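Enquirer: Sequence first, predicted coordinates after that:
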Amino acid sequence: MQFDIARRGVAAALGLTLALAPFSLRAEELTGTLKKVKDANAIVIGYRDASVPFSYLGGDEKPIGYALDICYKIADAVKAKLNLPNLQVKLNPVTSATRIPLMANGTIDLECGSTTNNADREKQVWFTNSHFLTATRYVSKKSANLHTIEDLKGKTVVSTSGTTNIRQINEANTERKLGLTILPAKDHAEAFLMVETGRAAAFVMDDVLLASLAASSKDPSAYEISTEALSKPEPYGIMLRKDDTEFKKVADDATAKLYTSPEGKALYDKWFTQAIPPRNINLNLPMSAEMKKQFAHPIASPDPAAY
């Protein structure tokens, strides 16, 4: 009798151990960022203070933006994955110089801004599905009726000195025999002013920067951005730690779910086609054909040709 009781006790204890094993195993299996987040009950988001409309300080000096909204969706997915309903979301400022070091040393877990995903950066960090595709285009006055590269033939254009954009317009000028007069400007503000005052017919630069400059001008409705681009799309992505497959899967699944849903298009429109705080400017940058394709079939490739 005592032997049977003892045997049943051992069996019960063994059964309990086996029942709890999957939970123990799952906890032990957590690695990298997910383990760090679970141990601290906090996820740290790196934000930019002036990268409009991706990540910047609003009127109350609190971080807002398109990329931040995406990062909050990733944080929600992490919260669900780890079953941490009270997970803290902490914000940490970063700059273009500090964003990669702060990711590498574990200070931040997500970098939410306008960081280009390219082959060089992928040697140091990883990215989730691209949330924006920029390209070299030009801004001009609507009254000039310029839309394509060929429309610029024989005209004076400007681009910022020392940028890849001025190199690209010089190459296009030579290859297409456009007969352009290409002026270098010391910065973006000077280049836009040259279009504003009629010294140049067009300003060649990243389309999203052109949209921001036009929206901030005295008469935003007077300008438009070319439909044709001088470069292949360059992808912006939310930055993650390198070689963290488990965390990347959570981020990729969360962003893919967002982008392929109606909410993804609505989120894009909120920041790129509607008035945004704090000055109520409208970038008037509808989704390009490449962006529509990216949202329909999200990828995280650093190769511009993939888009």
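Expert: It's in. Residues are numbered from 1 along each chain as shown.
Enquirer: Show me the shaky parts of the chain.
Expert: In the predicted model of the chain, residues 1-28 satisfy pLDDT under 70.
Enquirer: tell me the helices in it, going along the chain?
Expert: In order along the chain, the chain carries the following helices (DSSP state H): 2-29, 32-40, 66-82, 99-104, 164-176, 188-196, 207-215, 245-259, 262-272, 289-296.
Enquirer: Out of those helices, which one sits most buried?
Expert: Across the helices of the chain, the average number of neighbours (mean count of other CB atoms under 10 Å) peaks for helix 207-215, which reaches a mean of 23. Where you see a C-beta, it was placed from the backbone N, CA and C, and this is true even at glycine.
Enquirer: what inclination does that one have with respect to helix 164-176?
Expert: Here the directions of helix 207-215 and helix 164-176 differ by 110 degrees (axes from the mean of the first three to the mean of the last three CA atoms, to 10 degrees).
Enquirer: any idea how far the closest residue in space to residue 149 that isn't next to it in sequence is from residue 303?
Expert: If you skip the residues right next to it in sequence, residue 149 has residue 228 as its closest partner in space, 5.4 Å away by CB to CB, 6 or more residues apart in numbering. In this view, residue 228 and residue 303 are 21 Å apart by CB to CB, to the nearest Å.
Enquirer: can I see the domain layout of this structure?
Expert: What the TED database lists as the domains of the chain is 33-134+234-296, 136-225.
Enquirer: Mind putting those into CSV with distance to residue 307?
Expert: Compiled in CSV, those are given as follows (distance: least, CB to CB, whole Å):
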stretch, distance to residue 307
domain 33-134+234-296, 5
domain 136-225, 14
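Enquirer: Is it correct that residue 276 is in contact with residue 53?
Expert: Yes: under the criterion of CB atoms under 8 Å, residue 276 is in contact with residue 53, at a separation of 5.4 Å.
Enquirer: how about the nearest residue to residue 210, chain neighbours excluded?
Expert: Across the structure, with CB to CB, 6+ apart as the measure, the residue nearest residue 210 apart from its sequence neighbours is residue 139 (4.2 Å).
Enquirer: hang on, the earlier thing: please say which of residue 276 and residue 53 ends up with more neighbours.
Expert: Looking at residue 276 and residue 53 with other CB atoms under 10 Å, you find the greater number of neighbours at residue 53, namely 25 against 21.
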